[in-house]
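S.K.: pasted the sequence and its predicted model underneath.
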Amino acid sequence: MGDELSIAGRSFRSRLFVGTARYPNQHVMLKAIEASGAEVVTVAIRRINLQQRGESILDLLAGKYFLLPNTAGCYTVREAVVTARLAREALGTDWIKLEVIGDDETLYPNTPQLIEAAKQLVDEGFKVLPYCSDDPVSCAILEKIGCEAVMPLGAPIGSGMGILNPYNIRMIRERVQVPVIVDAGVGTASDVAVAMELGCDGVLVNTAIAQARDPVRMAYAMRLAVEAGRQAFLAGRIPRRFYAQPSSPLEGRVDFGGPRTASHANS
Amino acid sequence: MSIRVNGVERRFEGGTIYELLKSLGLDPERPWVAVAVNGEVVGRGRWREYQLKPGDVIEIVTAVAGG
């Protein structure tokens, strides 16, 4: 329908980004990614295993998908910046999903460090997509310093709790110009639809697909949810109202001579 | 000499990054690998000339499954 997602001058047909971690096995991962229809697929950067070297996950993904490396597991500006540089060298991409984690238990971003790392990486020519808190002010700052998108969390990573603060997500969408991709926290298809109905430009899903009982089917459900939510957003939903409003016309109703209004006194 | 590779102290007879990778049994031509020495990324194009020194801290990384 000509409704492509554009980030840093690049267009994507699918608004669903998927992670590659936590699948039961690589075969299921590949089937699920295929079923999701995603073009953007995330990977992490880690020490190479010197003992056992099998085929790389990239042997399976490269050339078929747009690979987006992350800086998952980084806790400081320096770790995140060096990891981004290693990712650029290893994958030949200047795109980075920037994560600077503040705390083990919540995996919430460390916003001051995130902003500093984003500044440095933007200066070095990276296309920075920061995983950030669902806070309109930090999102606006990240946009201002040159990030190509913002990726607010819907709920803590891997929690599957859905979009905990839809009002914030909507505020973020209204207050920044760059694409807003909800990253983290969705549990099932309706969560994804909610994010898209709020006007988000995309959603990144990993655990909710990978750890579902049937990851391939859930990937397909997520694909449909992204599309349904997007179309609903574009279509423009009706306002919420407290009282009912009849959908059938009131004019031309038959009249059998009884009372025209319901009354508790008559019952 | 002694160097640190991916967090492990190792003996290395000396030489370039390229030679280190070969001595570790890694194919230096293999794609999707990056190397940092003492926190600075050394591009693939310099692996054949970059001489390692005693005490260098080397990280050899690749992409893995991630979210």
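M.R.: That came in fine, so what should we check first? Being a predicted model, the structure only gives us computed values, none of them experimental.

S.K.: give me the number of residues near the closest residue to chain A within chain B?
M.R.: Chain A sits closest to B:Gly66 of chain B, with a gap of 2.6 Å, by Cβ to the nearest Cβ. Using the backbone N, CA and C atoms, a C-beta is placed for each residue, glycine as well. Other residues near B:Gly66 number 24, with proximity taken as other Cβ atoms under 10 Å in any protein chain shown.

S.K.: ok, B:Val64 to A:Ala90 distance?
M.R.: For B:Val64, the distance to A:Ala90 (Cβ to Cβ, to the nearest Å) stands at 11 Å.

S.K.: between the two, who's got more neighbours?
M.R.: Neighbour totals were compared for B:Val64 and A:Ala90, and A:Ala90 leads with 26 against 17 (other Cβ under 10 Å).

S.K.: please name the nearest non-neighbouring residue to that one.
M.R.: Excluding the flanking residues, the one nearest A:Ala90 by Cβ to Cβ, 6 or more residues apart in numbering or on different chains is B:Ala34, at 3.8 Å.

S.K.: how about whichever strand or helix holds the one you found: buried residues?
M.R.: Using DSSP states H and E, B:Ala34 falls within strand B:33-37. For strand B:33-37, the neighbour count (16 or more other Cβ atoms under 10 Å in any protein chain shown) marks B:Val33, B:Ala34, B:Val35, B:Ala36, B:Val37 as buried.

S.K.: is it correct that the residue nearest to A:Ala90 is in contact with B:Val61?
M.R.: Yes: counting by Cβ atoms under 8 Å, B:Ala34 touches B:Val61, with 5.3 Å between them.

S.K.: what residues does the stretch 1-150 of chain A have near chain B?
M.R.: Residues of the stretch 1-150 of chain A lying near chain B by Cβ under 8 Å from any Cβ of the partner chain: A:19-23, A:29, A:42-48, A:50, A:53, A:56-58, A:62, A:67, A:69-70, A:72, A:78, A:82, A:85-91.

S.K.: still on that earlier bit, list the contacts of the residue of chain B closest to chain A.
M.R.: The contact partners of B:Gly66, by Cβ atoms under 8 Å, 6 or more residues apart in numbering or on different chains, come to A:Gly19, A:Thr20, A:Ala21, A:Thr42, A:Val43, A:Ala44, A:Ile45, A:Pro69, A:Asn70, A:Ala72.

S.K.: how does it look with 10 Å?
M.R.: B:Gly66 makes contact with A:19-22, A:41-46, A:57, A:68-73, A:97, A:99, A:206 under the criterion Cβ atoms under 10 Å, 6 or more residues apart in numbering or on different chains.

S.K.: how about the secondary structure of the closest residue to it other than its chain neighbours?
M.R.: Nearest residue to B:Gly66, sequence neighbours excluded (Cβ to Cβ, 6+ apart): A:Ala44, at 2.6 Å. Three-state assignment for A:Ala44 (DSSP: H, G, I helix; E, B strand; the rest coil): strand.

S.K.: if A:Ala44 is in a bridge, with which residues?
M.R.: On the basis of DSSP bridges, A:Ala44 is bridged to B:Val64.

S.K.: and the strands in the stretch 101-250 of chain A?
M.R.: Taking DSSP state E, counting those that start in this stretch, the strands of the stretch 101-250 of chain A run over residues A:127-132, A:151-152, A:181-183, A:202-205.

S.K.: go on, chain B?
M.R.: Remark: strands assigned in chain B by DSSP state E are B:2-5, B:8-11, B:33-37, B:40-42, B:57-65.

S.K.: for the shortest one, buried residues please.
M.R.: If you call a residue buried by 16+ other Cβ under 10 Å, then strand B:40-42 has these buried ones: B:Val41, B:Val42.

S.K.: show me the shaky parts of chain A.
M.R.: Within chain A, the stretches with pLDDT under 70 are A:1, A:52-54, A:262-267.

S.K.: look through it and tell me its longest helix.
M.R.: In chain A, with assignment by DSSP state H, the single longest helix is helix A:215-235.

S.K.: distance of the closest residue to chain B within the stretch 1-150 of chain A from A:Ala87?
M.R.: Here the residue of the stretch 1-150 of chain A nearest chain B is A:Ala44; by Cβ to the nearest Cβ that distance is 2.6 Å. Relative to A:Ala87, A:Ala44 is positioned 9 Å away (criterion: Cβ to Cβ).

S.K.: and for these two, which residues touch both?
M.R.: By Cβ under 10 Å, 6+ apart, A:Ala44 and A:Ala87 have these common neighbours: A:Pro69, A:Asn70, A:Thr71, A:Lys97, B:Val61, B:Ala63.

S.K.: check the gap between the second one and A:Glu197 for me.
M.R.: Read it as A:Asn70. Distance from A:Asn70 to A:Glu197, counting by Cβ to Cβ: 26 Å.

S.K.: those two: which has the busier surroundings?
M.R.: Comparing A:Asn70 with A:Glu197 by other Cβ under 10 Å, the one with more neighbours is A:Asn70, at 27 against 22.

S.K.: who does the more buried one bridge with?
M.R.: In beta-bridge terms (that is, DSSP bridges), A:Asn70 pairs with A:Lys97.

S.K.: if anything else comes up later, I'll come back, but that's it for now.
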